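Engineer: pasting the sequence and the predicted coordinates here, then a few questions.
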Amino acid sequence: MELTGAQWRKSTRSSGNGGDCVEVADNLPSIVGVRDSKDPAGPALVFRPAAWRAFVRMTKAHDPA
């Protein structure tokens, strides 16, 4: 899957100590990319937008915070 043009942003749930960071690129028209910020040239997970929205919705629904 081609992620050229992806604009990566760090998750608001990532820790502030420089580790355990997840970045999301949701600016592409038909995919959402997710990667480890410590390895930006490494592999990325790719989701369809509807699947990503469902994942985020379920994560928020089960958030103990």
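Structural biologist: Structure received. Predicted model only: the values in this text are computed from it and were never measured.

Engineer: tell me the contacts of the nearest residue to A44 once chain neighbours are set aside?
Structural biologist: Nearest residue to A44 in three dimensions, chain neighbours excluded: R35, at 4.0 Å (CB to CB, 6 or more residues apart in numbering). No exception for glycine: its C-beta is placed from N, CA and C like everyone else's. Taking CB atoms under 8 Å, 6 or more residues apart in numbering, we find R35 in contact with 8, 22-23, 25, 42-45.

Engineer: could you turn the buried ones of those residues into a PyMOL selection?
Structural biologist: Selection command for PyMOL covering only the buried members of the contacts of R35, criterion 16 or more other CB atoms under 10 Å:
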select buried, resi 8+22+23+25+44
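
Engineer: and what about the residue nearest to A44, helix, strand or coil?
Structural biologist: strand (DSSP: H, G, I helix; E, B strand; the rest coil).

Engineer: if I look at it, how far off is V22?
Structural biologist: 7 Å (CB to CB, to the nearest Å).

Engineer: what does P40 give?
Structural biologist: Where V22 is concerned, P40 sits at a distance of 12 Å (CB to CB).

Engineer: which neighbours do these two have in common?
Structural biologist: Joint contacts of P40 and V22 (CB under 8 Å, 6+ apart) do not exist.

Engineer: bridged to the residue nearest to A44, which residues?
Structural biologist: Per DSSP bridges, the residues bridged to R35 are E23, A44.

Engineer: and the gap between it and R57?
Structural biologist: For R35 relative to R57 (CB to CB), the value is 21 Å.

Engineer: what segments of the protein are strands?
Structural biologist: 9-10, 22-25, 32-36, 44-47 (DSSP state E).

Engineer: need the ones you listed in CSV with mean pLDDT and distance to L3, can you?
Structural biologist: Listed next are these as CSV, based on pLDDT from 0 to 100; distance: least, CB to CB, whole Å:
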stretch, mean pLDDT, distance to L3
strand 9-10, 90, 14
strand 22-25, 93, 7
strand 32-36, 94, 5
strand 44-47, 96, 6
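
Engineer: neighbours around V24, how many?
Structural biologist: V24: 22 surrounding residues under other CB atoms under 10 Å.

Engineer: go on, A50?
Structural biologist: 9.
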